[in-house]
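In: Fold the following, please.
(2 chains)
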Protein chains: 2
Amino acid sequence: MKSPSPPGGPQAVAVELPRAYRLLNHGPTVLVSSAHAGRANVMAAAWNMALDYTPAKVCVVIDKATLTRALVEASGEFVLNVPARSQAAAVLAAGQRSGRALPAGQDKFGLLGLVAEPSAAVAAPRVAGCLAWLECRVIDEPHNQQAYDLFIGEVLAAWADPRAFAQGRWLPGAEPSLHYIAGGSFFETGPALNLPTA
Amino acid sequence: MKSPSPPGGPQAVAVELPRAYRLLNHGPTVLVSSAHAGRANVMAAAWNMALDYTPAKVCVVIDKATLTRALVEASGEFVLNVPARSQAAAVLAAGQRSGRALPAGQDKFGLLGLVAEPSAAVAAPRVAGCLAWLECRVIDEPHNQQAYDLFIGEVLAAWADPRAFAQGRWLPGAEPSLHYIAGGSFFETGPALNLPTA
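Out: Presented below is the predicted three-dimensional model:
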């Protein structure tokens, strides 16, 4: 850990790494944040999933045309941020604007009204105000990256806003995540359905 | 296509393959169905995502301990079925019971009260009553399969119940999908949030 301070203000708490997969289990659209050589970027990704419990791993698709791709390949790091419903407009814009098009000295955080915060375990920044954060280092798999734009990350640190995720699970009735449909539309995370287990 | 008949009764309609990714975009837990040499099985998988538009591809994690793993590796095929809220108990049980434990002549479809139907493009069956179906052939990637339990499939045919998915998108207010939390709990797909696009 580079820093003991959690993201998202004093309320964010560490998530045990073997339970980090639960932050993605319900299928949220994420923001992928990255940085290299003084340049930072953030993009939206509906194509993400958990891959393993321990060591905790995740998958995310990062297209070759994106600035994020260049930053992730150069730095070997990324953060998956699980945004809240209140951030939907920024998530949509993050998917529509490329960081490549911005003039020198500007980045998409500023453009989208998002705040970059220091991460604990990686140099890539985290996005303030999200519900959860997975700080990852790339497990280098050149064939997957080249043939499929598929990146595998090991989760080095995970955090959540305890108003939304506590004791290893998302809380019903809390601020919803976003689940991308198409165009300008998302589903919000809906009500919980609780069944007896065998 | 082995058969022109769509799954799920007369109401299911074909989904254009370049839009098949949208069936998984919102992060539903799926049922993975498979068959080989007269044996069929079905398991639940929260760890799935779209991987490409065209040719349409998907990812899913299939653990080495599962009967599904043996059937998918032997047949080179699987179907991702997007279950409806009304099927939640069967989805939960599919994740808790292994097809390996069943006596000869029985399968998990019967055990769980699910109905297997013929698919159109693959020999693996589809699960009746789901909201959508992606019929896939495995793109053989032995390293991913061995190191990560990660399977990549090309989508050969896709179908949806038009009461839930039409004109290339999920419909707000229709029967929800399931988004796994942990234990016996799922989130239902929630209300739609529609933002203006730039």
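In: from here on, contacts and neighbour counts on C-alpha atoms
Out: OK.
In: what about the residue nearest the centre of chain A, helix or strand, and which?
Out: When Cα atoms, centre = their mean is applied to chain A, the residue found nearest the centroid is residue A:80 (1.8 Å). When elements are assigned from DSSP states H and E, residue A:80 belongs to strand A:77-82.
In: is it true that the residue nearest to the centre of chain A touches residue A:29?
Out: No. Using Cα atoms under 8 Å, residue A:80 is not in contact with residue A:29; the gap is 9.6 Å.
In: quick one: the helices in chain A?
Out: Along chain A, the stretches classed as helices by DSSP state H are A:67-75, A:88-96, A:108-112, A:142-148.
In: CSV please, covering those and showing mean neighbour count and mean pLDDT.
Out: CSV is the format used below for the helices of chain A (neighbours: other Cα atoms under 10 Å in any protein chain shown; pLDDT from 0 to 100):
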stretch, mean neighbour count, mean pLDDT
helix A:67-75, 19, 98
helix A:88-96, 20, 95
helix A:108-112, 17, 95
helix A:142-148, 13, 98
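In: would you turn the ones you listed into CSV with distance to chain B?
Out: Shown next, in CSV, are the helices of chain A (distance: least, Cα to the nearest Cα, whole Å):
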stretch, distance to chain B
helix A:67-75, 15
helix A:88-96, 7
helix A:108-112, 13
helix A:142-148, 7
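In: Just put the ones you listed in TSV and tack on distance to residue B:141.
Out: Formatted as TSV, those follow (distance: least, Cα to Cα, whole Å):
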stretch	distance to residue B:141
helix A:67-75	22
helix A:88-96	29
helix A:108-112	35
helix A:142-148	9
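In: pLDDT below threshold where in chain A?
Out: Chain A contains residues with pLDDT under 70 at A:1-10, A:198.
In: what's the closest of the helices of chain A to residue B:118?
Out: Residue B:118 lies closest to helix A:142-148 among the helices of chain A, at 30.0 Å (Cα to Cα).
In: Report all helices and strands that that closest one contacts.
Out: Applying 3 or more Cα pairs under 8 Å, 6 or more residues apart in numbering or on different chains; DSSP states H and E, one finds that helix A:142-148 makes contact with strand A:150-160.
In: go with 10 Å
Out: Where contact means 3 or more Cα pairs under 10 Å, 6 or more residues apart in numbering or on different chains; DSSP states H and E, helix A:142-148 is packed against strand A:57-61, strand A:150-160.
In: Ok, which of the ones you listed comes nearest chain B?
Out: The closest of the helices and strands packed on helix A:142-148 to chain B is strand A:57-61. By Cα to the nearest Cα, the value is 6.8 Å.
In: What strands line up against the closest one, and which way round?
Out: Applying DSSP bridges, strand A:57-61 is found paired with strand A:48-52 (antiparallel), strand A:150-160 (antiparallel).
In: Let me see the contact set for residue A:108.
Out: Residue A:108 makes contact with A:40-43, A:90, A:93-94, A:97-102, A:114-116, according to Cα atoms under 10 Å, 6 or more residues apart in numbering or on different chains.
In: related to what we said a few turns ago, hey, which of the strands paired with strand A:57-61 is tucked in deepest?
Out: Using mean count of other Cα atoms under 10 Å in any protein chain shown, the stretch among the strands paired with strand A:57-61 with the largest mean neighbour count is strand A:48-52, at a mean of 27.
In: Next, the angle from that one to strand A:77-82.
Out: 110 degrees (axes from the mean of the first three to the mean of the last three Cα atoms, to 10 degrees).
In: hang on, residue A:102 packs against residue A:109?
Out: No. Judged on Cα atoms under 10 Å, residue A:102 makes no contact with residue A:109 at a distance of 11.2 Å.
In: out of the contacts of residue A:108, which are inside strands?
Out: Per DSSP state E, strands hold the following members of the contacts of residue A:108: A:40, A:41, A:42, A:43, A:116.
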